[in-house]
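>>> I'll drop the sequence and a predicted model, then ask my questions.
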Amino acid sequence: MEINLGMTGSAEITVDGNITAKAMGSGDLEVLATPALVALMEKAATIAVKEGLPDGSSTVGTQINIRHLAATPVGMKVTARATLAEADGKRLLFTVEAFDSKEKIGEGQHERFIITIDRFMNKANGKKQ
């Protein structure tokens, strides 16, 4: 298992009523919500490096900077692609893009960090005490 620059991942979704701007509260139109686009891009990045991670590890998103370039109506399919552009220790930086069947609808960069699942969850759950 190894993390290498250029690793890619993709994720796909069909826009439905649950992920529109109106349904998610990020607007009032029946088009793909920006938060749903962000989640799809994050999923693609997660998939890109999943096979290269050590057992008991995962990644968490820490920063995303995207442009939502075009609206996608309900019923259209959207595909996000992430490519690992930089790796500095546990820090991973991806270029992300998204397309519907007509055009590019989003682009940007996404940062994730490699974490140890047990340690991360223990720290997060410790907030409840």
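Okay, I see it. Numbers count the residues shown, from 1 in each chain.
>>> Below-threshold pLDDT in the chain: ranges please.
The chain contains residues with pLDDT under 70 at 1.
>>> next one: phi and psi at the residue nearest in space to the middle of the chain?
In the chain, the centroid-proximal residue (Cα atoms, centre = their mean) is residue 42; its distance is 0.9 Å. Phi and psi for residue 42, reported as degrees, to the nearest 10, are phi -60, psi -40.
>>> all strands for the protein, in order.
For the chain, applying DSSP state E gives strands covering 8-14, 57-68, 77-88, 91-100, 104-116.
>>> Using CSV, lay out those together with mean neighbour count and distance to residue 51.
Heads up, the C-betas are built off the backbone N, CA and C, glycines and all. Below are the strands of the chain laid out as CSV (neighbours: other Cβ atoms under 10 Å; distance: least, Cβ to Cβ, whole Å):
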stretch, mean neighbour count, distance to residue 51
strand 8-14, 17, 9
strand 57-68, 15, 12
strand 77-88, 18, 12
strand 91-100, 21, 14
strand 104-116, 18, 13
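>>> Now distance to residue 20 too, for those strands, in a markdown table please.
Shown next, in a markdown table, are those (distance: least, Cβ to Cβ, whole Å):
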| stretch | distance to residue 20 |
| --- | --- |
| strand 8-14 | 12 |
| strand 57-68 | 13 |
| strand 77-88 | 12 |
| strand 91-100 | 14 |
| strand 104-116 | 14 |
